[in-house]
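S.K.: next come a sequence and a model predicted from it.
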Amino acid sequence: MRVVFIHGPAASGKHTIGSLLSARTGLPLFHNHLAVDLAKTLFEFGSEGFTQLRAKVWIAAFSEAATAGRSFIFTFHPEATVDPGLIEALVEIVESSGGEVCFVELQASRETVLRRLGNASRAKFGKLLDPDLYEQIESNGGFDFPALPTPMVVIDTDVMKAEDAAVVIEQALSRVA
C-alpha cells in the first residue's frame, strides 16, 4: 500500500498533476478539496469545527485505505489551519499497516502562483482565486507550515509541464517499488 503525497503551494499544479498521475497509474486521486469542501458545508474555513472535521475525514480515509491495502494519491497545501501533528499521524497510519508514504514536493514561484490563481479550473473546487487575498493570507502567516518529510522527488512547475511531471513521478515510484 502506497500513498503518493503531493504537496505544494496554491496553484502549483497539485490537482492537475495528481489527475494525470492517476490516469497513468490507475491510482485514485483523493484531492484535498474533497475534505475541505465537505467541512466548509458545515463550518467556516479555519474554525475549530472545520479543522476537526477535515482532520477526521483525512484520518478515516487514510485508515480505511491502509486497512484495505488501497494505494492512492493525496494532494495537500501546507497551511496554518492544519495541525502539523496530523501529517505525522497520517504517515503512522499508513506505515503501521505496512505501507509507505512517498512525498512529492511541487514548487512554483510566487509570481507563477499569483498568475495561476485566476485560472478557471480552480473555480470548480472553490479554490482561492484572488491574488490580493492570497497576499493577505501570506502576510498574516496563513501559509506557514513546518517542513514535510524529505520528498522522493521535487518538481518545479514553473519550468516543467504537468504531463512531464506526472511521468517523472511515475518513474520515481517505479524506482522505490
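M.R.: Looks like it came in fine.

S.K.: adjacent strands (with direction) for the longest strand anywhere in the chain?
M.R.: Counting by DSSP state E, the longest strand found in the chain is strand 100-107. Strand 100-107 pairs in its sheet with strand 2-7 (parallel), strand 153-156 (parallel), by DSSP bridges.

S.K.: how far does the longest one sit from its chain's centre?
M.R.: Strand 2-7 has its average C-alpha position 8 Å from the chain's average C-alpha position, going by Cα atoms, centre = their mean, to the nearest Å.

S.K.: sorry, back to before: comparing the strands paired with strand 100-107, which comes out most buried?
M.R.: strand 2-7 (a mean of 24; mean count of other Cβ atoms under 10 Å). C-beta here means a position set from N, CA and C on the backbone, and glycine is covered the same way.

S.K.: still on that earlier bit, buried sites along the longest strand of the chain?
M.R.: 101-107 (16 or more other Cβ atoms under 10 Å).

S.K.: nearest to Phe45, of the residues you listed?
M.R.: Phe45 lies nearest to Leu106 out of those, by Cβ to Cβ, at 21.9 Å.

S.K.: run a quick neighbour tally on the closest residue to Ala162 other than its chain neighbours.
M.R.: Leaving aside its chain neighbours, Ala162 sits nearest to Thr16 (4.6 Å; criterion: Cβ to Cβ, 6 or more residues apart in numbering). Around Thr16 sit 20 other residues, with neighbours defined as other Cβ atoms under 10 Å.

S.K.: what angle separates the host helix or strand of Thr16 from strand 2-7?
M.R.: Here Thr16 sits within helix 14-25, counting by DSSP states H and E. With axes from the mean of the first three to the mean of the last three Cα atoms, to 10 degrees applied, the angle from helix 14-25 to strand 2-7 works out at 150 degrees.
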